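Participant: 3D model of this:
(chains A and B)
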Amino acid sequence: MAPEEIADLLKKQFSDKIAGFTFETAHPRIEVRADAWPEVAKFLRNDSRLQLNFLRCITAVDMLEDEQFVVEYDLFSARMSAKSGSPWTITNEVAIAVKVPRNSATIPTVAHVWRAADWHEREAYDLMGINFTGHPDSVTDHDGTHPRRILCPDDWVGHALQKDYKFPMEYHGIPAVTEHEQTRPIH
Amino acid sequence: MSWIENRFEEGMIITSLDWAINWGRTCSIWPMTFGLACCAIEMMAIGASRFDVDRFGAGAFRASPRQADLMIVAGTVTYKMASRVKRLYNQMPEPKYVMAMGACTIGGGPYFKNGYHVVKGVDLVVPVDIYVPGCPPRPEALIEGLMRLQDKIRHQTVARDRWNSVKDAAFSPATGAN
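Facilitator: Sure thing, here's the model as predicted:
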């Protein structure tokens, strides 16, 4: 099924919850509103025509000028191949984009739809600061309730891949160096 | 020396205690298996037959810091890893030596300015005896570093080691960083 047909199907099913389409690029994607995303995700996985049962990756993009984050979910449907030799055939393939404002970046989790989303969402929180509500591996601390960090230490301040991120100049007594300043002693 | 000549039996060895101890330490530097990143591949290469660091008595890579004399910090040290490096160093028995292998451990390397999470030199965390530059260093360079460490050990003395007192003051577990 081509991405255009998938978009038509979604438009028929969810009408105004689908915010837009981009098909001209090498990476065709359908834009979904953040609050409707888990519902749409369940449909994408369970519908017999789509069966998008494999979440390949989650990409978070910081659009600093537009004051928003874009989170893209790359999906495809992997089925057991009838002919021997290649174990899988990929029938449907599409990307879903969810846009959220930068100052309140909150998206409902889809970790219960695709288990692969669990770690990907933790990474998106750790490095980009996007809060996935209802995540199965959540913690509550001075930043509120959010997915547990996956790469940086738990007491890390800030989210390193945001475009306006300020580098730490000191971590647990270890001095640091950046382009602009230096706390490391010069020998 | 004429008064002492011919007074002892054949096979008797006379040496200084320093020399004997240093000889023992020099020829059995057991490194710790401590590969953090890509430099570890070169560190594994010196243990294999082509470079064969066993010739220098340093081929027994120990999996425990408590059995090791030398910590070859092979690879990028992150802030998250720094506390573990420090703890492993503190678990090693004296005498202990640290070799900073590669650009990352010497001063942050390619992450010097634009790495938010990289320690800008492992000497900010533990005292370093030998620096081996390279990205990564060739196994020959690592063996050269090992031989320079052997030179350093040969000049130690049991009487008073000024380097140790300086090292202990700067990096004691009570007062040192983290």
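
Participant: neighbours around whichever residue of chain A sits closest to chain B, how many?
Facilitator: Distances between chain A and chain B by Cβ to the nearest Cβ are smallest at residue A:173, namely 3.9 Å. Backbone N, C-alpha and C define where each C-beta goes, glycine included. Using other Cβ atoms under 10 Å in any protein chain shown, residue A:173 has 11 neighbouring residues.

Participant: and the pLDDT at it?
Facilitator: Looking at residue A:173, its pLDDT is 85.

Participant: ditto for residue A:114
Facilitator: Residue A:114 is given a pLDDT of 92.

Participant: for residue A:182, same thing?
Facilitator: 80.

Participant: please name the bridge partners of it.
Facilitator: Bridge pairing for residue A:182 (DSSP bridges) gives the partners residue A:177.

Participant: distance of residue B:58 from residue A:94?
Facilitator: Noted for residue B:58: a distance of 56 Å to residue A:94, by Cβ to Cβ, to the nearest Å.

Participant: also residue A:72?
Facilitator: On the measure of Cβ to Cβ, residue A:72 and residue A:94 end up 11 Å apart.

Participant: can you give me the strands in chain B?
Facilitator: Using DSSP state E, the strands assigned to chain B run over residues B:31-32, B:70-74, B:97-101, B:130-132.

Participant: show me what the shortest one is packed up against.
Facilitator: Helices and strands touching strand B:31-32, by 3 or more Cβ pairs under 8 Å, 6 or more residues apart in numbering or on different chains; DSSP states H and E, are strand B:70-74.

Participant: go ahead and name everything in contact with the strand it packs on.
Facilitator: By Cβ atoms under 8 Å, 6 or more residues apart in numbering or on different chains, the residues outside strand B:70-74 that reach it are B:29-32, B:34-37, B:39-40, B:42-43, B:58, B:65, B:85, B:88-89, B:92, B:96-102, B:105, B:122, B:126, B:128, B:136, B:142, B:149.

Participant: which of these are buried?
Facilitator: B:29, B:31-32, B:34-37, B:39-40, B:42-43, B:58, B:65, B:85, B:88-89, B:92, B:96-102, B:105, B:122, B:126, B:128, B:136, B:142, B:149 (16 or more other Cβ atoms under 10 Å in any protein chain shown).

Participant: inside helices: which ones of the residues you listed?
Facilitator: B:39, B:40, B:42, B:43, B:85, B:88, B:89, B:105, B:142, B:149 (DSSP state H).

Participant: reformat those as a markdown table; add distance to chain A and pLDDT.
Facilitator: Shown next, in a markdown table, are those (distance: Cβ to the nearest Cβ, whole Å; pLDDT from 0 to 100):
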| residue | distance to chain A | pLDDT |
| --- | --- | --- |
| B:39 | 20 | 91 |
| B:40 | 20 | 92 |
| B:42 | 25 | 92 |
| B:43 | 24 | 91 |
| B:85 | 11 | 93 |
| B:88 | 16 | 93 |
| B:89 | 14 | 93 |
| B:105 | 13 | 92 |
| B:142 | 23 | 93 |
| B:149 | 21 | 93 |
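
Participant: okay if I get these as JSON lines plus distance to residue A:148?
Facilitator: Listed next are these as JSON lines, based on distance: Cβ to Cβ, whole Å:
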{"residue": "B:39", "distance to residue A:148": "30"}
{"residue": "B:40", "distance to residue A:148": "28"}
{"residue": "B:42", "distance to residue A:148": "35"}
{"residue": "B:43", "distance to residue A:148": "33"}
{"residue": "B:85", "distance to residue A:148": "24"}
{"residue": "B:88", "distance to residue A:148": "25"}
{"residue": "B:89", "distance to residue A:148": "29"}
{"residue": "B:105", "distance to residue A:148": "29"}
{"residue": "B:142", "distance to residue A:148": "38"}
{"residue": "B:149", "distance to residue A:148": "41"}
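
Participant: biggest separation within those, which pair?
Facilitator: B:42 and B:89 (21.4 Å; Cβ to Cβ).

Participant: so which residues on chain B come close to chain A?
Facilitator: Residues of chain B that fall close to chain A, judged by Cβ under 8 Å from any Cβ of the partner chain: B:79-80, B:82-83, B:108, B:112-114, B:116-117, B:119-121, B:124-125, B:177-178.

Participant: pull out the buried members of those residues.
Facilitator: Neighbour counting with 16+ other Cβ under 10 Å marks B:79-80, B:82-83, B:108, B:112, B:116-117, B:119-121, B:124-125, B:177 as buried within the residues of chain B next to chain A.

Participant: quick one: residues contacting residue A:11.
Facilitator: Counting by Cβ under 8 Å, 6+ apart, residue A:11 makes contact with residue A:18.

Participant: what about residue A:36, neighbour count?
Facilitator: Other residues close to residue A:36 by other Cβ under 10 Å number 16.

Participant: from what I see, it and residue A:15 are in contact.
Facilitator: No: with contact defined as Cβ atoms under 8 Å, residue A:36 and residue A:15 do not form a contacting pair (10.4 Å).

Participant: using the three-state scheme, assign the nearest residue to residue A:162 once chain neighbours are set aside.
Facilitator: Excluding the flanking residues, the one nearest residue A:162 by Cβ to Cβ, 6 or more residues apart in numbering or on different chains is residue A:62, at 5.6 Å. Here residue A:62 is strand, with the state taken from DSSP: H, G, I helix; E, B strand; the rest coil.

Participant: please name the residues that touch residue A:62.
Facilitator: Counted by Cβ under 8 Å, 6+ apart, residue A:62 has contacts A:69, A:102, A:128, A:161, A:162, A:163.
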